Structures are given as structure tokens and as C-alpha cells.
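[1] Structure for this input, please:
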Amino acid sequence: MSKTPSRGLSQAGLVHVTATLRGPVERGEVPGLVAAVSRGDAVHADVLGVQDLQSGVPMRRDSLFRLASAAKPITAVAALMLVEDGKLQLDESVERWLPELADRRVLKSLDSPLDDTVPAHRPITLRDLLTLRWGLGAIMARPGTYPLQRAMEEAQVASGFAELPFSADEFMRRLGALPLAHQPGEKWMYHTGYEVLGVLVARVSGRGFGDFLRERLFTPLGMKDTAFSVPADKLDRLVTLYAPASDTGRLTVSEPGTDRWSRPPLFESGGGQGGGLVSTADDVLAFGRMLLNAGRHGAQQLLSPQSIQAMLTDQISPAQKAASPFFPGFWDASGWGFGGSVTTRPDGVSPTAGRYGWGGGTGTTFFIDPRQDLAVVLLTQRQMTGPDDEARALAFSKAVYASLDG
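    Next up, the predicted model:
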């Protein structure tokens, strides 16, 4: 654990942050974690537990974690960079680059057979993908409830922890064989739009998605450990991923630390499928500070203040929220910007609206709060399977706000 007391973060409050994090580690709920809080020039970090339960290798500040869906804001920034390059426009069709999504058919209702469709009213746009209103995504129902849900599972394009065993082109071919669940722009459906965005960035830029991220974002920000694979000399820093057993709750290995990450994936996931990007707390913090600084890092303007503001603005109308089921209470104080949720009113965590960020199913949490000049990262290695996982992140977030000094 390291602490840098300075104006902006209360020393007493930071002690409480550490205690809040230490509890789950000492109780064996999580093997270890790295957390970082940045406010202005003040930075606080906690490094607790172990990377691997069997070996007992201590956690390090630069331990590598699977970001999963916490990387969605990174994908949004990449897409907006191409808008500012003049290669994409928010409200124009993406069919030129994603011909698999041309001439879409839309199910008459979610429980319709796959051939019971009508034509899409309009083409899919970049804004549709960024706001997850393009027409397809995670169907929030018991597995196998709907024909489209079963078809997505069979085609291996449904969201989940498994690495996709095929290329981006094959992913798009499989998506293109399915109808949409709703008309473009009509509703919000989680996840799948960000897998499509990763493919779009690669095709428009003419390079691999990971290459684009490295050249345009990670290298300028000094995010030296963030990538879709791990070099041999860094594998000892990659944490083992765990999941609780369904019967006992005991942590069992979900994916070893050295498994598959030594090679580039067939599919570089923009949405976090299969773990997505691997990163460190300090790398993610650097990304968050860039967002707080209106797209600037040092002397470089990586993204315009206008694009950052659009990212941090709720894009979902009340009618769309009402038609878009997610987990209970999600829309009560939240909306969706580009790449993450945005609080629309005080929500029991932050005292004002405007907190932006997202978490990942591998136990990762990232958010910023522009009004507080605050960037926060929590990286764990326990797959999220229920309310208790969310409760740990919530307790940490509340402790962070309680630590703010002035």
C-alpha cells in the first residue's frame, strides 16, 4: 500500500478506503486487488493480497488484469478519434465499412421466429453503435427464452466470458446472418455494439484494432502495459482469474495467469469479450486523467473537448430507458453516454450528477467525476456473478467520495 497525502484527499478518509478494500481480501472473497484514486496531483493506491492463491505471489502495483467491459470507454475514444480524423461521422450509415449490417431485417417482436421480420426503417449509424441503440445486444432473460437469444448463443456472438474462437470478419458474418431485435435507434441493448465498434475502427483505420489503440492512445498516454496479449517478460504479472463455485462459493480457477495471453487473440474485442484488454491500474488512471483534462495529455490534444463532453452526456431518452430492461434500478439515476454510464442525479455514491464510467465482469471498476476532478480504478480478479460483487465495488466507491477533502 502506498499513500501520498496532499490537498484534495483526506488522510483519514484514505485510511477508510484501505480498510474497505482490505476486508474482502482478508475474508477470502477476492484473492487480491489494486486500487488507485487520483484527484488533481494527489494519488492514492492500495495493493493487497496475491496474484495467485496457489503460489501466493504477492500482488504488485503493476499487476496485469483483464479489463473486460471496463474497456468500453477506450473503444468509444478510438471511434471518436476517427470522427475527428474526418473518416467517420456520427450520424451517417456505417454500411460502407460494415456491409454485413446493410439491408437489416428486424423481428416483429422479440419472441418471433427468426424469419418473422420487417425491413429496418433506416441504416445503422456510428451514434447507434456508441449508444448501444443499433438493434442487437444482450437479451436480459433466462437463457434460451427467445429464438433470437438461442440463435446468438449458437452463433457464439452472445456476450460472455469465453474468448471468441474466430476472426472479426467471421464475427461480422455471423451477426449479419441474424435479424435485429429492434429498429435502429429505438432501444438500448447492452454490449454487442462495442464488439462491432472494434471491428469498425480496424476497418476504417486500415490496421488492427490493437495497433490503432497502441499508436493513437496507449503510446501517447504512456499506457505501456495495455494490450490484447502479454509479452513473455510480463506474464509473471498477469493475475489468475477466479470464479466462485456455484455450490460452495469457494473460489476456483476460471483462467490461469499464463493461459492464452501469450499470443494475440483471433478477435480483438472492443467490448471486453473473453477478458478483452489487459491493463494496470496506473494505465487506466492515465486514461481517466486524459478524459478529465478534456482530451489533453501534456502537450497533446488526443480528443477534442467537444467529443469528451459528448461521451459524458446521457444519450438515452426516457422513453428508450423505459423500453430497455437491464438490471433493476439501473435507469433510476443513470443514463448512457459514449462508452459508459452517466449519473443523471445524486445516486447515493456521488453527491452530484455527472459521474462517468463502467465496470467489467472480471471484477474491474473505472469511473471519473469531472466536478470533483476525480479518477478512480479498482481491479480485482474475481468474476462477477451476483449482487455481492457489485456491493464490494459500491462500498469502495462510497469510501472514495468520503475521502475527498474540500
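[2] Residue 254 - that's part of a helix, no?
    No. Assessed with DSSP: H, G, I helix; E, B strand; the rest coil, residue 254 is strand; it does not lie in a helix.
[3] what sits against it?
    161, 241-243, 383 (Cβ atoms under 8 Å, 6 or more residues apart in numbering). Using the backbone N, CA and C atoms, a C-beta is placed for each residue, glycine as well.
[4] can you put those residues in CSV and add neighbour count and distance to residue 227?
    Output for the contacts of residue 254, formatted as CSV (neighbours: other Cβ atoms under 10 Å; distance: Cβ to Cβ, whole Å):
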residue, neighbour count, distance to residue 227
161, 18, 19
241, 23, 17
242, 22, 22
243, 18, 24
383, 20, 21
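[5] Where do the helices of the chain begin and end?
    Assigned by DSSP state H, the chain shows helices spanning 11-26, 72-84, 126-130, 147-154, 168-176, 192-205, 209-213, 219-221, 281-292, 305-311, 318-322, 387-402.
[6] Please determine how far the nearest residue to residue 202 once chain neighbours are set aside is located from residue 116.
    Closest residue in space to residue 202, ignoring its immediate chain neighbours: residue 209 at 4.3 Å, by Cβ to Cβ, 6 or more residues apart in numbering. As defined by Cβ to Cβ, to the nearest Å, residue 209 lies at a distance of 35 Å from residue 116.
[7] Could you do residue 265 as well?
    Relative to residue 116, and taking Cβ to Cβ, residue 265 is found at 35 Å.
[8] the more surrounded of those two?
    Neighbours were counted for residue 265 and for residue 116 using other Cβ atoms under 10 Å; residue 265 has more, 19 against 13.
[9] Now the more buried one, what are its backbone angles?
    phi -70, psi 160 (degrees, to the nearest 10).
[10] got a list of what it touches?
    163-164, 228-229, 274.
[11] Can you tell me the closest non-neighbouring residue to residue 223?
    Nearest to residue 223 is residue 283, by Cβ to Cβ, 6+ apart, at 4.0 Å.
[12] now swap in residue 331 and tell me
    Closest to residue 331 by Cβ to Cβ, 6+ apart is residue 321, at 4.2 Å.
[13] Give me the distance between the one you found and residue 187.
    In terms of Cβ to Cβ, residue 321 sits 9 Å off from residue 187.
[14] Can you get me a residue count around residue 371?
    Residues lying near residue 371 (other Cβ under 10 Å) number 12.
[15] Isn't it up against residue 356?
    No. Applying Cβ atoms under 8 Å as the test, residue 371 and residue 356 come out as separate, 10.8 Å apart.
[16] returning to what we had before: for the residue nearest to residue 202, give me its contacts.
    Contacts of residue 209 by Cβ under 8 Å, 6+ apart are 78, 168, 198-199, 201-202, 228, 268, 270.
[17] any idea how far residue 360 is from it?
    For residue 209 relative to residue 360 (Cβ to Cβ), the value is 17 Å.
[18] for residue 250, same thing?
    22 Å.
[19] For the residue nearest to residue 251 when sequence neighbours are not counted, give me its contacts.
    Closest residue to residue 251 apart from its sequence neighbours, by Cβ to Cβ, 6+ apart: residue 242 at 4.3 Å. Contact analysis of residue 242 by Cβ under 8 Å, 6+ apart lists 31, 53, 251-254, 381-383.
[20] Which among those count as buried?
    31, 53, 251, 254, 381-383 (16 or more other Cβ atoms under 10 Å).
[21] Just the ones of those in strands?
    251, 254 (DSSP state E).
[22] which two in the buried ones among the contacts of residue 242 are spaced the farthest apart?
    Within those, two members stand farthest from each other by Cβ to Cβ: 53 and 383, at 14.4 Å.
[23] coming back round to it: quick one: neighbours of the residue nearest to residue 331, just the number.
    20.
[24] how close does it sit to residue 124?
    For residue 321, the distance to residue 124 equals 20 Å [Cβ to Cβ].
[25] Would you check which pair of the contacts of residue 242 lies furthest apart?
    Farthest apart among the contacts of residue 242 - using Cβ to Cβ - are 53 and 383, which lie 14.4 Å from each other.
[26] mean confidence score for stretch 159-176?
    What stretch 159-176 shows for mean pLDDT is 94.
[27] From start to finish, how long is it in a straight line?
    End-to-end distance of stretch 159-176 (Cα to Cα, to the nearest Å): 16 Å.
[28] Run through who's touching that stretch.
    68, 98, 100-101, 136-138, 155-157, 190-192, 195-196, 198-199, 202, 209, 254, 260, 265-269, 271, 273-275, 361-362, 383.
[29] What's the local residue count around residue 81?
    Residues near residue 81, counting by other Cβ under 10 Å: 22.
[30] residues in contact with it?
    Residue 81 neighbours (Cβ under 8 Å, 6+ apart): 216-217, 302-303.
[31] For ChimeraX, write the selection for the buried entries among these.
    The ChimeraX command for the buried members of these (criterion: 16+ other Cβ under 10 Å) is given here:
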select :216,217,302,303
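[32] Grab the nearest non-local neighbour of residue 221.
    Going by Cβ to Cβ, 6+ apart, residue 221 has residue 286 as its nearest residue, at 4.7 Å.
[33] Over to residue 24?
    residue 30 is the one closest to residue 24 (Cβ to Cβ, 6+ apart), at 5.0 Å.
[34] buried sites along stretch 398-405?
    Within stretch 398-405, the residues that count as buried by 16+ other Cβ under 10 Å are 398-401, 403-404.
[35] and if you look at stretch 152-168?
    Those would be 152, 157-159, 161, 163-164, 168, for stretch 152-168 by 16+ other Cβ under 10 Å.
[36] Report the contact partners of residue 371.
    352, 354.
[37] now do 10 Å
    350-355 (Cβ atoms under 10 Å, 6 or more residues apart in numbering).
[38] now swap in residue 329 and tell me
    residue 347.
[39] Next: the one 3 residues further on.
    Residues in contact with residue 332 (Cβ under 10 Å, 6+ apart) are 321, 344-345, 347.
[40] before we move on, back to that, out of the contacts of stretch 159-176, which end up buried?
    68, 98, 100-101, 136-138, 157, 190-192, 195-196, 198-199, 202, 209, 254, 265, 267-269, 271, 273-275, 361-362, 383.
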